[in-house]
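Q: build the 3D model from these lines:
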Amino acid sequence: CQGDSGGPLTKAHGKNPILVGIVSSGAGCGRTYGVYTRVSYYREWITKHTGD
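A: Model prediction:
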């Protein structure tokens, strides 16, 4: 469990996965809950700083 932060949460979209969230934190090593950052909320900032 240690070191999972920054890992992806993806959603199937045809043959290509879409990045939906990034692991921020959690409790119980996957036994209770995980906290994710919603990528769509930051999409404009990400595009501005990384390009397409």
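
Q: all helices of the chain, in order?
A: Secondary structure of the chain by DSSP state H: the helices cover 43-50.

Q: what about it, any weak spots by pLDDT?
A: 1, 52 (pLDDT under 70).

Q: what number of residues are in the vicinity of the closest residue in space to residue 40 that isn't next to it in sequence?
A: Distances taken as CB to CB, 6 or more residues apart in numbering place residue 20 nearest to residue 40, at 7.6 Å, with adjacent residues excluded. Using the backbone N, CA and C atoms, a C-beta is placed for each residue, glycine as well. Neighbours of residue 20 under the rule other CB atoms under 10 Å: 15.

Q: and for residue 37, the neighbour number?
A: Burial measure for residue 37: 14 neighbouring residues, criterion other CB under 10 Å.

Q: that one reaches residue 20, doesn't it?
A: No - contact criterion CB atoms under 8 Å: residue 37 and residue 20 do not qualify, at 10.0 Å.

Q: so what strands line up beside the longest strand along the chain?
A: Longest strand in the chain by number of residues, with DSSP state E as the criterion: strand 16-27. Take DSSP bridges as the rule and strand 16-27 pairs in its sheet with strand 8-13 (antiparallel), strand 33-38 (antiparallel).

Q: could I get these as a markdown table with distance to residue 47?
A: Shown next, in a markdown table, are these (distance: least, CB to CB, whole Å):
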| stretch | distance to residue 47 |
| --- | --- |
| strand 8-13 | 18 |
| strand 33-38 | 15 |
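
Q: so for residue 27, which of those sits nearest?
A: Proximity to residue 27 (CB to CB) singles out strand 33-38 among these, at 5.9 Å.

Q: separation between residue 44 and residue 19?
A: Separation of residue 44 from residue 19 (CB to CB, to the nearest Å): 15 Å.

Q: more neighbours, those two?
A: Taking other CB under 10 Å, residue 44 and residue 19 do not tie; residue 19 has more neighbours (12 against 9).

Q: correct me if wrong: that one contacts residue 39.
A: Yes - with contact defined as CB under 8 Å, residue 19 counts as touching residue 39 (5.3 Å).
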